[in-house]
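> Any chance you could fold what I've pasted below:
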Amino acid sequence: MEASSILPTMVKAVPFRAYRYDPGVVGDLSKAVAPPYDVIKGKKVDEIQSLSPYNVAWITKNKPQEGDADKENQYTRAKHLIEKWMKEGALKRDEKEAFYIYGQNFDVGDRELFRFGFIGLLELEEFGKKAPESGSFTGVLQHEETLPKDIQDRLNLYTQTHVQDGQIFVIYPDHEGKVDRILEKYMKKKPVIDVYDADGVRDRLWIVDGAKDVESITRTMADKYVIIADGHHRYKTALAFRDENPKNESAKYRMMAFVNMANTGLVILPTHRVVQNLEGFKPRDLLKKIGRDFEMAEYKTKSGMFKRMEKLFEEGKHAFGLFMNDRKFYCLTLKDESVMDSILPDRSPQLRYLDVSILHSLILDRILGIDKEKLLHGTMTGGGYVVYIKGIGDAVDESIESVKKDAQAVFFMNPTRIGEVEAVARNFECMPQKSTFFHPKVWTGFTFNKV
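Below is the predicted model:
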């Protein structure tokens, strides 16, 4: 990258020479890309890796083997493999620095949507903590608390390969659409990649390499802020790698997928909460305690419950669904949001009155006794008290079945709004963990960055 051409501002989005798969060597590119590493688990790892010897999951999820040691392990195997791909031409580096447009066509219910943004490098900096003494804030913001994961795994991989194989997903404000107008011009051309991934999403890639357009994108982004939408842990890993390699100029940058907050394809889906492993749990007692702060309506079917939740969401009210092993569906509506003023008095109204804040504070913590420590315990031990279920596909039915078998309750959520994400982040606050599920995921393997 040409550091001299970068403006001295806090947000530095710059072009780069990406490594990309050569279909002449790799074959079907749809079999080479994969979801982000953190959603590939269990048998899914083998399923995805079996699609192609060049699937990026061989890098992101290379598994430990018996006899592994410091000098030979899953991280060194990933290093040798990606070096092999580069040497044999499976991965080729583009000749010119560029931004890359990443577009995804997908369905949500009966809606057909298109989300697009650009892939580039962002100069790393610490998360913003407070507003500047004068002028507007520009920099990097986080929007939700991260579950305590050991980033050492990703750091070990990064340290060995020196390759960024997936994009951290960030959103930024550009309501005038200055960057989007540039991207739309290039999207009229034939994409360099056009595949359907395993989730049925159409993924396409275009190259923005016109000098004036590249410079215009960098300049337009300079006075903005970006919010991490998906990839908080990977961002923290990149910061750690940068700090451990102060002489490596390239380590100061991380590959990102930037999407305008005004993009009509920017969708947040809900993440539901399954409650389990509570001693002495009694549905009747829970309903009695919930009734102090919530109005309750009972339904025979989930459709009736969700229809009511959707109506209340459109009216701007705070509502949750509930299913327990009494086999009934309930819609819970908060009577008075001012009850949160005494519970989170040191938080902004934007955070205090979020649905996820209300659920976590009033029900999970105050009624069920699932505080932050117990949420941490569950995360660290792999069992715990709360399981997070993404609101897509068969997840709702699966969560209901889990309650019928051995779980105790599932709380269904309405989605968090984009405006709420922006408002909380701009207050330099964080939502409770798993507050947002940006759909679809930004897949891994369309561009690689060598550092």
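
> Show the contacting residues for the residue lying closest to Ile193 once chain neighbours are set aside.
Nearest residue to Ile193, sequence neighbours excluded (Cβ to Cβ, 6 or more residues apart in numbering): Leu205, at 3.9 Å. No exception for glycine: its C-beta is placed from N, CA and C like everyone else's. Going by Cβ atoms under 8 Å, 6 or more residues apart in numbering, Leu205 touches 100-103, 191-194, 446-447.

> burial measure for the residue nearest to Asp371 when sequence neighbours are not counted, as a count.
With sequence-adjacent residues excluded and distances taken as Cβ to Cβ, 6+ apart, Asp371 is closest to Asp365, at 5.0 Å. The number of residues packed around Asp365, counting by other Cβ atoms under 10 Å, is 16.

> sorry, back to before: can you say which of the contacts of Leu205 are buried?
By neighbour count, with 16 or more other Cβ atoms under 10 Å, the contacts of Leu205 hold 100-103, 191, 193, 446-447 as buried.

> burial measure for Leu359, as a count.
19.

> Tell me the secondary structure at it.
helix (DSSP: H, G, I helix; E, B strand; the rest coil).

> pretty sure it contacts Phe412?
No - counting by Cβ atoms under 8 Å, Leu359 stays clear of Phe412, with 10.1 Å between them.

> Find residues that contact each of the two.
Taking Cβ under 8 Å, 6+ apart as the criterion, Leu359 and Phe412 both touch Phe320.

> Break this protein down into its domains, please.
Domains of the chain are assigned by automatic domain parsing as 3-267+440-450, 271-414.

> closest one to Glu420 among these?
Across those, Glu420 has its closest neighbour in domain 271-414 (6.2 Å, Cβ to Cβ).

> so how far does that closest one reach from one end to the other?
8 Å (Cα to Cα, to the nearest Å).

> next one: stretch 125-132
Start-to-end, stretch 125-132 (Cα to Cα) is 15 Å.

> who's in contact with it?
Contacts of stretch 125-132 (Cβ under 8 Å, 6+ apart): 10, 137, 139-142, 225, 239, 428.

> If any of those are buried, put those into a ChimeraX selection.
Of these, the buried ones can be selected in ChimeraX as follows, counting by 16+ other Cβ under 10 Å:
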select :10,139,140,141,142,225,239
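
> Show me what secondary structure element comes after whichever strand or helix holds Asp397.
Asp397 belongs to helix 395-405 when assigned by DSSP states H and E. Once the chain leaves helix 395-405, the next helix or strand it forms, by DSSP H and E, is strand 409-412.

> what helices or strands is that following strand leaning on?
Packed against strand 409-412 by the contact rule (3 or more Cβ pairs under 8 Å, 6 or more residues apart in numbering; DSSP states H and E) you find strand 271-275, helix 302-314, strand 319-324, helix 395-405.

> Which of the contacts of stretch 125-132 fall in helices?
Leu239 (DSSP state H).

> Could you identify the most distant pair in the contacts of stretch 125-132?
Largest separation among these by Cβ to Cβ: Phe137 and Leu239, giving 18.8 Å.

> quick one on the thing from earlier: in CSV, list the contacts of Leu205 along with secondary structure, pLDDT and distance to Lys289.
Below are the contacts of Leu205 laid out as CSV (DSSP: H, G, I helix; E, B strand; the rest coil; pLDDT from 0 to 100; distance: Cβ to Cβ, whole Å):
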residue, secondary structure, pLDDT, distance to Lys289
Tyr100, strand, 98, 52
Ile101, strand, 98, 51
Tyr102, strand, 98, 47
Gly103, strand, 98, 48
Pro191, coil, 98, 55
Val192, coil, 98, 57
Ile193, strand, 98, 53
Asp194, strand, 98, 54
Phe446, coil, 98, 49
Thr447, coil, 98, 51
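
> Most tightly packed of the helices and strands packed on strand 409-412?
strand 319-324 (a mean of 23; mean count of other Cβ atoms under 10 Å).

> That one - what's its average pLDDT?
On average, the pLDDT along strand 319-324 is 98.

> what's the next secondary structure element after that strand?
For strand 319-324, the following helix or strand on the C-terminal side (DSSP H and E) is strand 329-334.

> Would you double-check that Gly117 falls in a helix?
No - the assignment for Gly117 is strand, going by three-state DSSP, so no helix is present there.

> Can you name the helix or strand that the residue lying closest to Thr161 once chain neighbours are set aside falls in?
Spatial nearest neighbour of Thr161, excluding adjacent residues (Cβ to Cβ, 6+ apart): Lys79 at 4.9 Å. Secondary-structure assignment from DSSP H and E places Lys79 in helix 74-88.

> So what pairs up with the residue nearest to Ile193 in the strands?
Leu205 has these beta-bridge partners by DSSP bridges: Tyr102, Ile193.

> And stretch 286-295, end to end?
Terminal residues of stretch 286-295 lie 13 Å apart, using Cα to Cα.

> Off-centre distance for it?
Its chain's average C-alpha position is 33 Å from that of stretch 286-295, according to Cα atoms, centre = their mean, to the nearest Å.

> Now it: buried residues?
Applying 16+ other Cβ under 10 Å to stretch 286-295 flags 286-287, 290, 293-294 as buried.

> just to revisit the earlier point, what's the separation between the residue nearest to Ile193 and Asp194?
8 Å (Cβ to Cβ, to the nearest Å).

> Same check on Val410?
Val410 is 39 Å from Asp194, by Cβ to Cβ.

> now Tyr353
Where Asp194 is concerned, Tyr353 sits at a distance of 43 Å (Cβ to Cβ).

> Same check on Asn156?
34 Å.

> Kindly report the same for Ile101.
12 Å.

> Quick check: neighbours shared by the two?
What both Ile101 and Asp194 touch, as defined by Cβ under 8 Å, 6+ apart, is the set 204-205.
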